[in-house]
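Novice: return atomic coordinates for the entry below.
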Amino acid sequence: MLVTGHTGFKGSWLALWLEGLGATVTGYALAPPTEPSHFERLSLKANSILADVRDRASLERVMREAQPEIVFHLAAQPIVLESYTDPLGTLSTIVTGTANLLDVCRSVESVRAVVIVTTDKVYENREWAWGYRENEALGGHDPYSASKACAEIVTSSFRRSFFEKDGEAAAMVASARAGNVVGGGDWSPHRLVPDVMRAISNGEAARIRNPYSSRPWQHVLEPLSGYLALGAGLFEGRKELAEAWNFGPDPSSNLVTSEVCELMEKSWPAIKCEFAPVNGAPHEAGLLMLDSAKARHSLSWRPVWDVETTIQRTIEWYRAFYERDTLLTQEQIDAYGEEARTLGVPWATA
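Specialist: Residues are numbered from 1 along each chain as shown. Presented below is the predicted three-dimensional model:
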């Protein structure tokens, strides 16, 4: 397996889960982007290569040595607000990085499945009160969203031009779009839960800039289970899966920021939030939802944890970290898998 972006929040959770499944993992990413670092605390067994996805020669050397059969591409500049500060860096990392990865994959014969991870923000957001489907128009108000939409177009172009040539697929290529993801080990700037955790570690109340924006909140393990199910299906040669996929929570998980703050305060009374809207702040979407009916139908994928459990598990992770210096990552992966098996979710019972 090759996982790009393995030093980041989602990538480190995915790498640990893959190791638990018995996979030999090679990671390719820049140095951990935050301190503390979830990746560094995990002490993964993965062969970790610190390099830039924009360096095609380096990426090709690593992939030819690792000979991965499945590739999960998560490397990116992941913060919307930072894309206003460094739009060209964001675009080059996400667009050129994705093109490099796909170009190398088509020349490495071991590769049989590629999952390109983007975001729910690839859609031209019209603030609709219903979820976007995979065939909706792509767009992007901010440089981050625009770059992810471009990555989707690049992925589609490479798939049709190189991976499906003459009706034969050298490798199966799909893209995966997930919503607002939370969970332990995220210390990224300009995100609600990490901002709250930084505040509590300093004995302060968290200042919330946008209390009324609505998002579909899901635990990090939810989209990761979708990526794994999709990767497995591609590896098995299911050609119908080589397209774009949404992995979002149930509509009931769509909450405004202030409601999420209330759930966090309920899970850990030491948390205090203050609402302080910022005038003149860069644009952020007020409402965005995904329709994941295709994943439910064709992949038999479904969310496992509702929004209350998601927030509870997330705060449980951080509380154990700050109060006992303990990581609950593996424990929560095990608990998630057990609950999925209890629910009869196919990927968990296979």
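Novice: in this structure Lys10 contacts Val182, no?
Specialist: No: between Lys10 and Val182 there is no contact under CB atoms under 8 Å: 10.8 Å. Any C-beta I mention is one placed from the backbone N, CA and C, and that applies to glycine too.
Novice: so what sits against both of the two?
Specialist: Val220 (CB atoms under 8 Å, 6 or more residues apart in numbering).
Novice: can I have the top helix by length along the chain written out in CSV, keeping just the CAs?
Specialist: Longest helix in the chain, counting residues (DSSP state H): helix 307-324. What follows is helix 307-324 as a C-alpha-only set of coordinates in CSV (Å, rounded to 0.1, in the frame of the first residue of the first chain):
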residue,chain,number,x,y,z
VAL,A,307,-23.3,12.9,15.3
GLU,A,308,-23.7,12.6,19.1
THR,A,309,-21.4,9.6,19.2
THR,A,310,-19.0,11.3,16.8
ILE,A,311,-18.6,14.3,19.1
GLN,A,312,-18.5,12.1,22.2
ARG,A,313,-15.7,9.9,20.8
THR,A,314,-13.8,12.9,19.6
ILE,A,315,-13.8,14.6,22.9
GLU,A,316,-13.1,11.3,24.7
TRP,A,317,-9.9,11.0,22.6
TYR,A,318,-8.7,14.6,23.4
ARG,A,319,-9.6,14.3,27.1
ALA,A,320,-7.5,11.1,27.4
PHE,A,321,-4.6,12.8,25.6
TYR,A,322,-4.6,16.0,27.7
GLU,A,323,-5.5,14.4,31.1
ARG,A,324,-3.6,11.0,30.8
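Novice: wait, a helix at Leu88?
Specialist: Yes: counting by DSSP: H, G, I helix; E, B strand; the rest coil, Leu88 is found in a helix.
Novice: what's the pLDDT at it?
Specialist: In this prediction, Leu88 carries a pLDDT score of 97.
Novice: what's near enough to touch the closest residue to Val95 other than its chain neighbours?
Specialist: Of all residues not flanking Val95 in the chain, Cys150 sits nearest, at 4.7 Å (CB to CB, 6 or more residues apart in numbering). Residues near Cys150 by CB under 8 Å, 6+ apart: Leu91, Ile94, Val95, Gly140.
Novice: then Ser252?
Specialist: Per CB under 8 Å, 6+ apart, neighbours of Ser252: Asp306, Val307.
Novice: now stretch 32-50: mean pLDDT?
Specialist: Average pLDDT, stretch 32-50: 95.
Novice: buried residues in it?
Specialist: Pro32, Pro33, Thr34, Ser37, His38, Phe39, Leu42, Leu44, Ala46, Ser48, Ile49 (16 or more other CB atoms under 10 Å).
Novice: check stretch 134-144 too.
Specialist: Glu134, Glu136, Leu138, Gly140, Asp142, Pro143, Tyr144.
Novice: what's the pLDDT at the closest residue to Leu224 other than its chain neighbours?
Specialist: Leaving aside its chain neighbours, Leu224 sits nearest to Leu14 (5.3 Å; criterion: CB to CB, 6+ apart). pLDDT, Leu14: 98.
Novice: from Thr4, how far off is Leu14?
Specialist: 10 Å (CB to CB, to the nearest Å).
Novice: higher neighbour count, these two?
Specialist: Thr4 (30 against 26; other CB atoms under 10 Å).
Novice: look up phi and psi at the more buried one.
Specialist: Backbone torsions of Thr4, given as degrees, to the nearest 10, read phi -90, psi 150.
Novice: just to check, it is in contact with Pro68?
Specialist: No: contact status for Thr4 versus Pro68: not in contact, 10.6 Å apart, counting by CB under 8 Å.
Novice: any residues in contact with both of Leu14 and Thr4?
Specialist: With CB under 8 Å, 6+ apart, Leu14 and Thr4 have common neighbours Phe72, Leu74.
Novice: sorry, back to before: the residue nearest to Val95 belongs to a strand, doesn't it?
Specialist: No: Cys150 is assigned helix when assessed by three-state DSSP, not a strand.
Novice: that one and Ser157: what is the separation?
Specialist: Taking CB to CB, one finds Cys150 at 10 Å from Ser157.
Novice: circling back to that earlier point, what's the closest of the buried residues of stretch 134-144 to Tyr227?
Specialist: Comparing those against Tyr227 with CB to CB places Glu134 closest, at 15.2 Å.
Novice: much appreciated, bye for now.
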